[in-house]
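Colleague: sequence-free structure coming up:
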């Protein structure tokens, strides 16, 4: 029978489930409302929707790296409480999400949630999530995932505070040894500690720099109204360089620098020179 919008609306009001889930349930049960309710309950979707208004602010970042270190993925799965985030059942589920994300071809979270769950292909990723919500008893959310691949080198990873922070570093290199791997791990730790917004200045949009120049120029002229253009420009560029050193990884001061001044980029260069290697931190 034809599934109407009114039927979907009625089922949504009865169960609190999402529109697409209700339509799927009605289609699977040929429009039988009672069986559709049972269908949603069996999938855990009705229970999941009732919890959906509760905020999932805790959770875990799981990083997974392939055996050859050429590919890696990081996923963030949220729950309501830190107690659940530390629960073994939740952690095992997050590990499965990471395995799913490692092989996915999805480019956004909506497509990821809609694809078949590799551990039970009769369900989608979203339906498997709903089942976990029903079992664990808290609202949960697969917030995001990121894949990284590097054929001409390797991907380094680091997790901090038991999975509160996860980092992947794309290292292009023609030499892979313990020293280069240690360098990559140190760079990953740098990212976790100082949270750079960009890898290098090349990634910073030119329009952003120009906009900053305009603001800082007005600021400098207000501070020194009698200064000539050369002095004003020097003040502006000095402040922009200071800002870039804070937000660009390779410009940041390396946290383990013995002199307290060496930028990350120079640290990478020194390791490359010592190991006769060509190394680029790509992302």
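Modeller: Everything's here; your move. What you see is a predicted model, and the numbers here were worked out from it, not measured in a lab.
Colleague: mind listing the helices in the stretch 1-150 of the chain by residue range?
Modeller: Assigned by DSSP state H, counting those that start in this stretch, the helices in the stretch 1-150 of the chain fall at 5-15, 19-28, 33-43, 45-51, 82-85, 88-103, 109-114, 125-136.
Colleague: contacts only, for residue 96.
Modeller: By Cβ atoms under 8 Å, 6 or more residues apart in numbering, the residues touching residue 96 are residue 119. Yep, even glycine has a C-beta here, placed from its N, CA and C like the rest.
Colleague: that one and residue 24: what is the separation?
Modeller: 22 Å (Cβ to Cβ, to the nearest Å).
Colleague: now do residue 123
Modeller: Counting by Cβ to Cβ, the gap from residue 123 to residue 24 is 11 Å.
Colleague: that older thread, quick one: which of the helices of the stretch 1-150 of the chain is nearest residue 271?
Modeller: Residue 271 lies closest, by Cβ to Cβ, to one member of the helices of the stretch 1-150 of the chain: helix 88-103, at 28.5 Å.
Colleague: now that closest one, how far from the chain's geometric center?
Modeller: Here the centre of mass of C-alpha atoms in helix 88-103, compared against the chain's by Cα atoms, centre = their mean, to the nearest Å, lies 14 Å away.
Colleague: list the buried residues of that helix.
Modeller: Neighbour-count burial for helix 88-103, counted by 16 or more other Cβ atoms under 10 Å, picks out 90-91, 93-94, 96-98, 100-102.
Colleague: any chance of these in JSON lines, with distance to residue 59 too?
Modeller: JSON lines is the format used below for the buried residues of helix 88-103 (distance: Cβ to Cβ, whole Å):
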{"residue": "90", "distance to residue 59": "8"}
{"residue": "91", "distance to residue 59": "10"}
{"residue": "93", "distance to residue 59": "11"}
{"residue": "94", "distance to residue 59": "8"}
{"residue": "96", "distance to residue 59": "15"}
{"residue": "97", "distance to residue 59": "11"}
{"residue": "98", "distance to residue 59": "13"}
{"residue": "100", "distance to residue 59": "16"}
{"residue": "101", "distance to residue 59": "15"}
{"residue": "102", "distance to residue 59": "19"}
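Colleague: and which of those is nearest residue 203?
Modeller: residue 101 (23.9 Å).
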